[in-house]
Every structure is written in C-alpha cells, then in structure tokens.
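Asker: Have a look at this prediction, sequence included:
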Protein chains: 2
Amino acid sequence: MPDDEEACREVRQILGLIGDKWTVLVIGCLRDRTLRFGELHRAVDGISQRMLTRTLRQLERDGLLTRTVHPSVPPRVEYTLTELGATLLDSLTYLADWAATHRRQIAAHRRHYDASLLE
Amino acid sequence: MPDDEEACREVRQILGLIGDKWTVLVIGCLRDRTLRFGELHRAVDGISQRMLTRTLRQLERDGLLTRTVHPSVPPRVEYTLTELGATLLDSLTYLADWAATHRRQIAAHRRHYDASLLE
DNA sequence: CAGAATCCAAGGTGATACTG
DNA sequence: CAGTATCACCTTGGATTCTG
C-alpha cells in the first residue's frame, strides 16, 4: 500500500456515504430482494418517512440503488440494489465480522474505563 | 451468514464508533508509530484541539488505543494503537479498497444524476 | 401509496481564551 | 505541552401536516 493518508481519505469518503444513522440498514434490507417504499418503511425499524426518503435519494444519487416508478394508481415505487451497491454490501461484511468478533471486548473495556473514572 | 439484520446492527455499531468526522484519520495516523498529542494535532489536518481530545478519549474508552502520560515538565502524552485498534484498521482496508476502486464510478454517477435534475 | 414541506430540538463541530 | 471551558453555529434527525 503506497499511501496511508490516501487510504484514510478513501475510507472517510465512504463513511460520508454510509456513516449516517440509516444508510447501511436500508442497504441491508435490499440485500436479496426489491422492496417498495412502504415495505422499506416497515423493514427499517424506527425510521421516519423523511429520513427514508432522504436516504434513498442519496443512495440513488451515488448509484448504489435504482428507483423505479410504476405509473399506476396508487403509485408503486420500487427500490433495488445495483451491482455497485451489492459490492459495497460485500465489503461491509468484513466490518460486520470484526464487530461480531470484538463487540464484547469493546463493551467490557468501556465498562472498565467508565468504572475507573469513579474511583 | 445466519442473520442479515443482526449483521446490519453490528455494522451500525462500529459506524457509531468510527463513523464520525475524525476517528479514522486519527487511527490511520497511528498505524505504524506512537505519536504525541501535538504530533497528532499536526498530522490530522484541520482538526481542532477540542475534537482531537474528544476523539482520543473515545478511542481510549473503546480500547482502540492507549494513552500514556509521562510525568515530566512539560508534560508528555503518547498515544499508541492497541492490537484491537490494529485489527480494526486492517478490516477497514477492505473499505479503502472498495472506495479506491469505485470512487470515480460514484462521482460520475453523481454528476449524471445531478445533471438529469436540470433537464 | 409515496412522497414534499415545514417546524423544531439536540447534538456535533469550530473558534477562542484560559490553565497546570 | 496538553489539555479544559465557554460560546455560537450548523447539520442531523424527528414530528407533523399536506398532496397527486
């Protein structure tokens, strides 16, 4: 790897894309199937209509998913992960593995740190 | 992989740790050497003293780095990545690779999307 | 159904000044 | 040198209401 600082900026850039509160949850829900707006709204627990709309628009803008409007009444809008989005989801797997492996360790260290502040 | 939603929450958890504006930059600077506070301040371009302090404290709390105070005048405080922090940095490499590979594609799609809104 | 628009609260961030 | 304290801003996100 030639340049560490460059790698950091690369990571920072994607964190700007997916580092918010909802993006990865939305992407995850679309892993293996197309979903409608309302389905996503129910699938992503706790998300507001506003945030779902914003998140989807941003993901569409970045080319991570496609938005398909079926001109009918009532309207039917479907969201599907692009290949690009799928590859991102794949590389996120490594992060998920890391988290699964070290979650308890982090939590324990955090408790220990907090407790040490009370002495 | 047994549970997609569980994996999403795992990822979300780490994004809560590193998804902010400065954390990965700080971790990256500590990749292969111990640094003092002032050195980090100069290394991470644009960070304020306040944000550097906060970031370092959080990383220490999570066990990703250690803070060593040398009782001297003037004070000398050194920050070193823990093994845990190093493993996180490793798994971030996959994200960096993904970003490096697809950065142009994303930027191009974004320009195309923005242009299509002006029709 | 799938949103757009508006208002508002809360937290993250930066600039500055001060301290052991 | 390595912070802490204070203030002020700005973005993020939630609740609510309205529309084609």
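Answerer: Good, I have the coordinates.

Asker: Tell me the helices and strands packed up against the top helix by length along chain A.
Answerer: When chain A is parsed with DSSP state H, its longest helix is helix A:83-116. Helix A:83-116 makes packing contacts with helix A:4-18, helix A:23-29, helix B:4-18, helix B:49-61, helix B:83-116 when contacts are defined by 3 or more Cβ pairs under 8 Å, 6 or more residues apart in numbering or on different chains; DSSP states H and E. Using the backbone N, CA and C atoms, a C-beta is placed for each residue, glycine as well.

Asker: Please identify the residues of chain A in proximity to DNA strand C?
Answerer: A:36-39, A:41, A:49-50, A:53, A:56-57, A:67, A:74-77 (Cβ under 7 Å from any atom of the strand).

Asker: and with 10 Å instead?
Answerer: A:19, A:35-42, A:48-54, A:56-57, A:60, A:67-70, A:72-79 (Cβ under 10 Å from any atom of the strand).

Asker: what's the burial count for the residue nearest to residue A:76 when sequence neighbours are not counted?
Answerer: Nearest residue to residue A:76, sequence neighbours excluded (Cβ to Cβ, 6 or more residues apart in numbering or on different chains): residue A:70, at 4.1 Å. Residue A:70 is flanked by 9 other residues according to other Cβ atoms under 10 Å in any protein chain shown.

Asker: what's residue A:70 in contact with, if anything?
Answerer: A:76, A:77, A:78 (Cβ atoms under 8 Å, 6 or more residues apart in numbering or on different chains).

Asker: burial count for the first one?
Answerer: Think residue A:76. Neighbours of residue A:76 using other Cβ under 10 Å come to 13.

Asker: Ramachandran coordinates for it?
Answerer: Note on residue A:76: its backbone torsions stand at phi -140, psi 110 [degrees, to the nearest 10].

Asker: Relative to chain B, how far out is it?
Answerer: Residue A:76 sits 22 Å away from chain B, going by Cβ to the nearest Cβ, to the nearest Å.

Asker: I figured that residue was touching residue A:36, is that so?
Answerer: Yes - at 6.4 Å, residue A:76 counts as touching residue A:36 under the criterion of Cβ atoms under 8 Å.

Asker: Go ahead and confirm residue A:85 touches residue A:30.
Answerer: Yes - using Cβ under 8 Å, residue A:85 is in contact with residue A:30, at 7.4 Å.

Asker: Name the residue in the two with the higher neighbour count.
Answerer: More neighbours surround residue A:30 than the other of residue A:85 and residue A:30, with 23 against 19 (other Cβ under 10 Å).
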